[in-house]
Each structure stands twice: as structure tokens, then as C-alpha cells.
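Enquirer: build me a model from this:
(chains A and B)
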Amino acid sequence: MDLERDLERLAGASGEWLRGTGPESDIVISSRVRLARNLEGFPFLVRASLGQRREIEKVLRQAVLEALAEEGAMYLALESTPELDLQLLVERHLISRELAQGEGPRGVAFSRTESIAVMINEEDHLRAQVLGSGLALQECWTAIDRLDDQIGERHPYAFSSTLGFLTACPTNVGTGIRVSVMLHLPGLVWTKQIEKVFESVRQMGLAVRGLYGEGTQASGDFFQLSNQRTLGQSERDILDSLRSVVPRIVAYERRARQSLLEQSPHQLDDRVSRALGMLRHARTIGSEETMLLLSAVRLGVNLGLVRDLPIGRVNELFILTQPAHLQKINRRALDRDKRNVARAEFIRTRLNGGRRPA
Amino acid sequence: MNCEKCKKRVATVHLTEIIGDEKREVDLCVECAAEQGLAVQPPGGMELLAKLINQQIGEELSAMAGMRCPSCGHTFLAFRTQGRLGCPRDYEAFEKGLGPLLERMHGSVEHVGKVPPSAGEEARRIGELNRLRRELRHAVDQEDFERAGLLRDQIRQREHSGGS
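Expert: Prediction:
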């Protein structure tokens, strides 16, 4: 397998979970369920010797690839992977920053569609995730539950009947589950109601984070909502709590969008149109500005203010315009200034189709 | 910060004076504040009690910090500084320190979720029991006594099957 060519192929398009299909996908970009697991008979990674880490990687790599045999899975050993490739995988949500910055034997397996990704030797021996487009938590859970059984059959997990799955950090012990949804909430941000919504969400024991999870800033009106507790609640309870909260937030967002349409239609149209104009004509543009403008365009597409621009293409741009992707697409290393030029050019070619309604 | 008046003792009384349009900050020690006729509570019963509790907690904490996992050698102190445990056995070895932490984080110290196929019959039975007990508590909270009765019977039945 030619790694270089595979990663270049990856960089040209996005994973299936960004296609913009699935329920509520105008607001819920994606759903994700991840499980943290450790092998019985090995220490956690802070206490594992190099030999043990190598053994864990070997055992899990085999178990994971067997379990993903029908998914056309690809495995990348990350021990000597170049920085740029690691960053590409982070930008695609296939690996975490922690795994990218880690050391020693570690890797990631992912399915052809990129809906399934399994990290080996991150904080825990195993971190498996399933991503789905739109609000699809049940589908994600069903898929990961099966994968978990298949891997667990091949090597027993560290498990206690009182504390559940034992993890390197006690914040994950029990179910080891993190259920999250990525939300696009420009209506609530623009009408300044977002903090109020988040406050009530936090009171329900859910966490709000930025686009790339833990410790990241929210940008471009995107937010990640996830459970915090993993012990004393079953997987079903946790899924249910998100399944009950998300539709309410979706309803608030719809109401906010409606009030923008009714109360300040010209300002809204202006903001969307200017954003589209900037993206279509800019000759150099930074990633932060790109996020904000794309957010406005995405809202415009969903409200019918911009036509002939598929939502999937807008979604894709959020990933494909990031630094590592731009460099892979251009097949060379680019400094910040050159990246900004390349980004503007790439966006121009991709946004050709979009036009304003007559 | 030292007291503005005596310039010796630590200032623990911080005062904002507003005279007319002028605002002035004054930092004094307890003694100098008392001399100026400012009401400052002398250390009373509550403070003594707090001191005693802190002392006891301090002793317990230092005992916990010394806890070491016999299996991997990780210490509780290392966990507190790095935030990562050394091996699955740490959960037993550090039970005294981790228990309250788990309670605070998760509001529970009892797993009620998935039991992996590899965990065996006994673990599945315990998992099922935990789930039923939790449902029983919920039913009692909701004053659904009919359901509570059913759950209680199911729990008894399973407890019994474990003993035989």
C-alpha cells in the first residue's frame, strides 16, 4: 500500500460523515460515539514499557483489522509518520491531537468511509469511534457496540464488575463512552442567545466544546456537545440524555433563524451574500476568517438564500481548507502566506456553482 | 502584602473608603484594624473547628499520597500530579482516594452499563443486579410501588441464583 498516495487521495475529499445527509443535518453536522478500552494483563500507557507498548499495538492492530475486515480498513502505524500527515489525520477527526503528539508504537485503523476510526495507544490502549452524518446517535452506538464485542472477543478488556471498563483516567471509567454531536448554531450566536442555551445544557451535566473536542475553542459557530459522566449511567441513559437535549437545541436554533429572517431579513441576506462574495473573490484568506464566512454561507444555503450549492460541498470546505489539507492538495509544504493564497484559490474553484436566487 | 500602618504584619483586612468622589483602598492587619475601631471577628469557635478539620484532612491526604499499587508501582501522588493511573489494579489500590473523586465526578461509584462477553457469567449477574437496584430506587422515587415490588422480586431471585 502506497501511504503517500493514499493520504493524497484522502486529502481531496471528505469522509462520508460530512456529506450533510441524515436527520437534522442542517444543524446537526455529525454524531459520534467513542469508547475507551484497555487490555487485561497490561499496565496503562504511563506505566507500560516500550516492549509492552509494542505488544499492545501488535495485539490490537490484529484484532481491530480482523474486526474491520469487511470495512476495507486501512491501518497507519504512526511511529515514524511525518508531522504533516499526522496533522492531516487530526484535521479529518481520524486521530486526536494527543495521539499525533504522542511517542512510540501507536497507530490508527479506519474504514474506507472514515465512519469508523480506532486509535491504538492513545490515552488508553484503545479508543474507537463511529461517526455519522446528522443526528444518528443510535446508528453510531449500534455499530460501535458490535465492533467493541468483536475486538473484545479476541482479547479480554480490563473490566471490573463494580467499576465497569477500567480506563487510564477516572473521568472515563465505567462505560468508557463519550457521546457527542457537532452542532452548527449561527442563529443562536447571532441573536446572542447561545450562552443562555449552554448554561442550561451544562446544568444537565453535558459539556460544550469547540470543533476539535477537549480544550479547543469554538470557531465558526460550531460546537460539540457531549456527556461528561461515564459511571452510574448506562450507555442507553447517556444516549437518551443527548437524544432528548439535541432536538430542543435544534428547535431553539430554528426559532432563532426564523426570527432573523422575519426581523432583520436584509441584514441577514447582506451578511450571507457578503460572506459568499468574499469567499468567491478573496485572493488570500486565513483559516479563522474562512470558518466564519463559511458558517454564514452554510446558514444561507440552509435558509434558501444561496442556491445551487450543495451543503456537502460547504461542509467539506471546513476540512479541506485547513493547513495540512491545503499542503497535501498542493503536494508541497506551504508557509502561512502561501497557504492563505492557496486557500483562497481552492475556495474560489469549489464555490463556482453557488449563485444567489434571481 | 504588609499592613499599611505598622508595615510589619500581613494585611488581611482590605477596606475601600469612599469620601465624596474620592475612592481609597486601605490594607491593614487585624490588630491595626481593631485599633482603628473596625469590627473584625477574632478567631472564634468556627475557625478552630475548621483548623482541626483541615489538620485531619491533611493527615489523611498525606497518608493517601503514599499509597502505592502493588502491581505496577504507581503512587497515588503520581496519579494526582499526572492525572493518569498506572494500571487497572490502581482502582483497588487507591480505592480510598479514588472513591470520593469518582463520586464527585460521576455522582456514582457503581457501573450499570455494558458488561463485555469476556467478563463471564458472574460479572453479568452483578451487572444485571446493579441495573435492577438502580431501577428500583428510581421506581421508589417516582412512588411507582407496583413496579418497585416487581423489581424487588427480580432482585431477590437473582441474588438467590448467585448463592446457589
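Enquirer: all contacts plus neighbour counts: C-alpha atoms, from now on.
Expert: Fine.
Enquirer: just give the number of residues close to the nearest residue to A:P186 once chain neighbours are set aside.
Expert: Here the nearest residue to A:P186 in space, its sequence neighbours aside, is A:D221; by C-alpha to C-alpha, 6 or more residues apart in numbering or on different chains that works out to 5.3 Å. Counted with other C-alpha atoms under 10 Å in any protein chain shown, the burial measure for A:D221 works out to 21 neighbours.
Enquirer: is A:D221 in contact with A:L292, as I believe?
Expert: Yes. Using C-alpha atoms under 8 Å, A:D221 makes contact with A:L292 at a distance of 7.3 Å.
Enquirer: which parts of chain B sit against chain A?
Expert: By the criterion of C-alpha under 8 Å from any C-alpha of the partner chain, the positions of chain B lying close to chain A are B:72, B:74, B:83-88, B:91, B:102, B:105-119, B:123-124, B:126-127.
Enquirer: hang on, A:T21 is in a strand, isn't it?
Expert: No. Membership of A:T21 in a strand is not supported by DSSP: H, G, I helix; E, B strand; the rest coil, which gives coil.
Enquirer: for it, phi and psi?
Expert: The main-chain torsion angles of A:T21 are listed as degrees, to the nearest 10 and equal phi -110, psi -180.
Enquirer: for it, give me its contacts.
Expert: In this structure, A:T21 makes contact with A:S133, A:G134, judged by C-alpha atoms under 8 Å, 6 or more residues apart in numbering or on different chains.
Enquirer: return the distance of it relative to chain B.
Expert: 30 Å (C-alpha to the nearest C-alpha, to the nearest Å).
Enquirer: can I assume A:V181 sits in a helix?
Expert: No. Looking at A:V181 with three-state DSSP, it is strand, so not inside a helix.
Enquirer: so where do the helices sit in chain B?
Expert: For chain B, helices defined by DSSP state H occupy the ranges B:30-35, B:45-65, B:76-82, B:90-93, B:95-106, B:120-141, B:145-163.
Enquirer: any chance of those helices in CSV, with distance to A:R37 too?
Expert: As requested, the helices of chain B are exported to CSV (distance: least, C-alpha to C-alpha, whole Å):
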stretch, distance to A:R37
helix B:30-35, 56
helix B:45-65, 27
helix B:76-82, 19
helix B:90-93, 15
helix B:95-106, 18
helix B:120-141, 17
helix B:145-163, 28
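Enquirer: worst mean pLDDT among these?
Expert: In terms of mean pLDDT, the lowest-scoring of the helices of chain B is helix B:45-65 (a mean of 71).
Enquirer: so what secondary structure elements neighbour it?
Expert: When contacts are defined as 3 or more C-alpha pairs under 8 Å, 6 or more residues apart in numbering or on different chains; DSSP states H and E, helix B:45-65 packs onto helix B:76-82.
Enquirer: chain neighbours aside, what residue packs nearest to A:F222?
Expert: On the basis of C-alpha to C-alpha, 6+ apart, the spatially nearest residue to A:F222 that is not a chain neighbour turns out to be A:H184, at 4.7 Å.
Enquirer: actually A:L163, not the one I wrote
Expert: The spatially closest residue to A:L163, leaving aside those adjacent along the chain, is B:H111, at 4.9 Å (C-alpha to C-alpha, 6+ apart).
Enquirer: can you pull the contacts of that neighbour?
Expert: With contacts defined as C-alpha under 8 Å, 6+ apart, the neighbours of B:H111 are A:S161, A:T162, A:L163, A:G164, A:G174, A:T175, A:L231, A:G232, A:Q233, A:S234, B:G127, B:N130.
Enquirer: contact residues of chain A facing chain B?
Expert: With the criterion set to C-alpha under 8 Å from any C-alpha, chain A comes near chain B through A:40, A:42-47, A:149, A:152-153, A:156-164, A:166-171, A:174-175, A:228-235.
Enquirer: can we see that at 7 Å?
Expert: Taking C-alpha under 7 Å from any C-alpha of the partner chain, the part of chain A that reaches chain B is made up of A:43-44, A:46-47, A:149, A:152-153, A:156, A:158, A:161-164, A:166, A:168-169, A:171, A:174-175, A:229-235.
Enquirer: now, those residues that are in strands?
Expert: Using DSSP state E, the members of the residues of chain A next to chain B that fall within strands are A:G164.
Enquirer: thought A:R257 was touching A:G187?
Expert: Yes. The pair A:R257 / A:G187 is scored as a contact, 4.9 Å apart, by C-alpha atoms under 7 Å.
Enquirer: skipping its backbone neighbours, what lies nearest A:I177 in space?
Expert: Of all residues not flanking A:I177 in the chain, A:L35 sits nearest, at 4.7 Å (C-alpha to C-alpha, 6+ apart).
Enquirer: for A:Y75, same thing?
Expert: For A:Y75, ignoring the flanking residues on the chain, the nearest one in space by C-alpha to C-alpha, 6+ apart is A:A109 at 4.2 Å.
Enquirer: cool, thanks, signing off.
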